[in-house]
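Participant: what follows is a predicted protein model with its sequence.
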Amino acid sequence: MTRPPSGMRKGLANYGDSGFSLFLRKAFIKAMGYTDDALDRPIVGITDTFSGYNACHRSVPELIEAIKRGVMLAGGLPVPFPIVSIHEAFSHPTSMFLRNLMAMDAEEMIRAQPMDSVVLIGGCDKTVPALLMAAASVDRPAILEVTGPMITGSYRGDRLGACTDCRRFWAMHRAGEVGEAEIDAIGDKLAPGPGTCMVMGTASTMALTAEALGMMLPGGGATPAVNADRLRHAEVTGARAVALAIEGLKPSDIMTADAFDNALRVLQAIGGSTNGLVHLAAIAGRLGIDLDYDAFNRIGAETPVLVDLKPSGRGYMEDLDKAGGLAPVLRELAPMLATDCRTASGRTLGEDLAAAAPPWPQDVVRPLTDPVYPHSGMRVLNGNLAPNGALIKQAAATPALLKHTGRAVVFSDLADLAARIDAPDLDVTADDVLVLRNAGPKGAPGMPEAGYIPIPKKLAADGVKDMVRISDARMSGTAFGTIVLHISPEAAIGGPLALVEDGDRIALDADAGTIELLVDESILADRRAAWRPPAHPESERGYLRLYLDQVLQAEDGCDFDFLRKVPRRERIT
Ligand code: FES
């Protein structure tokens, strides 16, 4: 039996003469100074996601050195290669718009270039999902290393961090409680160094769920970016990548349906970001796995929030690291987990957990008997306003608003929101429901994190801190409030959200899992007949054209249909 090509013989450029292709490849790679001995080793690719625009990836060069050291100690040849890097604050129109581009870049570069395994370096919100989507599609041995969270900053004795406190202070600024000079001074302290947002935002959520999925070695989810432990984890990851190259353990062997159930349970237990559900759906879709949202709600009903981190709780990621990282969470959940899932370590999740350091007294990861929040951190909603689903993060909401009926105050798109939200004559009270539409995957485009609709200035000045807010947008995992997100189908493709008018009554009942528009169906039918889709004047060419043609709704992870293992073209309207 002929063995599949490995190392430099893998995926030769096509000149019609494979001998010449290999000769040419070796001639060029030797310009890098490699010996034949080096070139005969297992080759470990390393995605270089450093960028001068990506502060969350500031430590990537150092991580690459540690990973290279691990690869060489294990007898492999490390080869870093650049791919797209995305930072939340430097991505127009949104980072979500670009996530699939990064996934395509990573997928094709891993497939095109000779490597026997690959270390994926992610960190900032969209980079981990993009890399795991790519790894799932290529299905070549792969292992994740994350940059790790930032440590916290301090402002006049107040411990603070990105970006829950960014929003807290900005809300105070809008309410007139924090002046111009002070908000600038606070801005100097919110992101004090390398690494990802240090609350339970999307980056932390994806790091921990990726560890639970089995794609990262144990202990990698919570270690701060600046800690020496992070570099040691990277070195061991590099060494493990060589073993993966030899063993041939693939992402599809690790990311099974049971592994996704484990990740969804961890998502609930950590009080994770709502974005986590979208990204896990996208990764699963690359493997032909559909997440079951009824099962997600069932998992949520049995899984309280255990991790006491902002925005649902009090602490920051460095506190979780000091409490033992993900291990105490997994230990608490173990009876409900599929512990026989394989992980990138080569062992099972249960064996990884047995090998973890023993527990010690701590108060960041709470026991099931004394949780931070008694049930589902988040819940998928249904109803006539969201036939394909919507999502609410109950753990970060105001309990009294979780069952609420109010009058709709509608903003037709982001520009309308910006123009009118603070208008002194806006007809709005604290009991109303703020509605934002045309901010979904296609509508914005790029499904911005605009679901955290600001409290109108005149209400904020009166001390109003929260209102029911609903949209087809996403929300940063660092945000908080009674906010219904990801309404699907979105308004821009004619979902019921497009039909809501000022003054309509909207009923939210999070316990019952419903979001309803209390308007007669005959009236909605008339509005539906009169509805016209919004125009996208710049959509005739380029990536935007591809994006608008292909992007799916939130329940399919906003992936491109043609990148899923099983496309669902028929669901695009
Ligand atoms: Fe990169 Fe928050 S902006 S993780």
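Facilitator: Okay, I see it. As the structure is a prediction and not an experimental result, all values here were calculated from the model.
Participant: and the lowest-mean-pLDDT helix or strand in the chain, what does it pack onto?
Facilitator: When each helix and strand of the chain is scored by mean pLDDT, DSSP states H and E, helix 164-174 comes last, with a mean of 87. With contacts defined as 3 or more Cβ pairs under 8 Å, 6 or more residues apart in numbering; DSSP states H and E, the packing partners of helix 164-174 are helix 180-187, helix 457-461. Any C-beta I mention is one placed from the backbone N, CA and C, and that applies to glycine too.
Participant: quick one: contacts of that helix?
Facilitator: Helix 164-174 has contacts (Cβ atoms under 8 Å, 6 or more residues apart in numbering) with 160, 178-179, 183, 186, 190, 199, 201, 310-311, 452, 454-455, 457, 460, 465, 476, 478-480.
Participant: so is that helix next to the ligand?
Facilitator: No - Helix 164-174 does not reach the ligand (Cβ under 6 Å from any ligand atom); its nearest approach is 9.5 Å.
Participant: rewinding a little: most packed of the helices and strands packed on helix 164-174?
Facilitator: Greatest average neighbour count among the helices and strands packed on helix 164-174 goes to helix 457-461 (a mean of 16), per mean count of other Cβ atoms under 10 Å.
Participant: what residues sit buried inside stretch 536-545?
Facilitator: Using 16 or more other Cβ atoms under 10 Å as the test for burial, stretch 536-545 gives residue 544.
Participant: ends of that stretch, how far apart?
Facilitator: Start-to-end span of stretch 536-545 (Cα to Cα, to the nearest Å) is 10 Å.
Participant: what's in contact with that stretch?
Facilitator: Outside stretch 536-545, the residues touching it (Cβ under 8 Å, 6+ apart) are 101, 445, 548.
Participant: switch the cut-off to 6 Å
Facilitator: Contact with stretch 536-545 is made by residue 548, as judged by Cβ atoms under 6 Å, 6 or more residues apart in numbering.
Participant: returning to that earlier point: give me the angle between the least confident helix or strand of the chain and helix 180-187.
Facilitator: 180 degrees (axes from the mean of the first three to the mean of the last three Cα atoms, to 10 degrees).
Participant: residues from the stretch 51-200 of the chain in reach of the ligand?
Facilitator: 56, 87, 88, 89, 124, 125, 162, 196, 197.
Participant: the same query, at a cut-off of 8 Å, please.
Facilitator: Residues of the stretch 51-200 of the chain found near the ligand (Cβ under 8 Å from any ligand atom) are 54-56, 87-89, 123-125, 162-163, 191, 196-197.
Participant: filter the residues you listed to the buried ones?
Facilitator: Buried among those (16+ other Cβ under 10 Å): 54-56, 87-88, 123-125, 162-163, 191, 196-197.
Participant: any chance of the residues you listed in JSON lines, with distance to residue 359 too?
Facilitator: Putting those into JSON lines (distance: Cβ to Cβ, whole Å) gives the following:
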{"residue": "54", "distance to residue 359": "35"}
{"residue": "55", "distance to residue 359": "34"}
{"residue": "56", "distance to residue 359": "30"}
{"residue": "87", "distance to residue 359": "36"}
{"residue": "88", "distance to residue 359": "34"}
{"residue": "123", "distance to residue 359": "27"}
{"residue": "124", "distance to residue 359": "31"}
{"residue": "125", "distance to residue 359": "30"}
{"residue": "162", "distance to residue 359": "29"}
{"residue": "163", "distance to residue 359": "31"}
{"residue": "191", "distance to residue 359": "32"}
{"residue": "196", "distance to residue 359": "26"}
{"residue": "197", "distance to residue 359": "27"}
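Participant: number of nearby residues for the closest residue to the ligand within the stretch 201-350 of the chain?
Facilitator: Per Cβ to the nearest ligand atom, residue 203 is where the stretch 201-350 of the chain lies closest to the ligand, at 3.5 Å. If you count neighbours by other Cβ atoms under 10 Å, residue 203 ends up with 33.
Participant: what helices or strands is whichever strand in the chain runs longest leaning on?
Facilitator: Longest strand of the chain, by residue count under DSSP state E: strand 403-411. In terms of contacts (3 or more Cβ pairs under 6 Å, 6 or more residues apart in numbering; DSSP states H and E), strand 403-411 is packed against strand 433-436, strand 505-509.
Participant: kindly recompute the last result at 10 Å.
Facilitator: helix 414-420, strand 433-436, strand 468-471, strand 505-509, strand 514-517 (3 or more Cβ pairs under 10 Å, 6 or more residues apart in numbering; DSSP states H and E).
Participant: skipping its backbone neighbours, what lies nearest residue 406 in space?
Facilitator: Excluding its sequence neighbours, the residue lying closest to residue 406 (Cβ to Cβ, 6 or more residues apart in numbering) is residue 433, at 4.2 Å.
Participant: list the contacts for that neighbour?
Facilitator: Applying Cβ atoms under 10 Å, 6 or more residues apart in numbering, we find residue 433 in contact with 401, 404-410, 467-470, 482, 484, 500, 504-508, 515.
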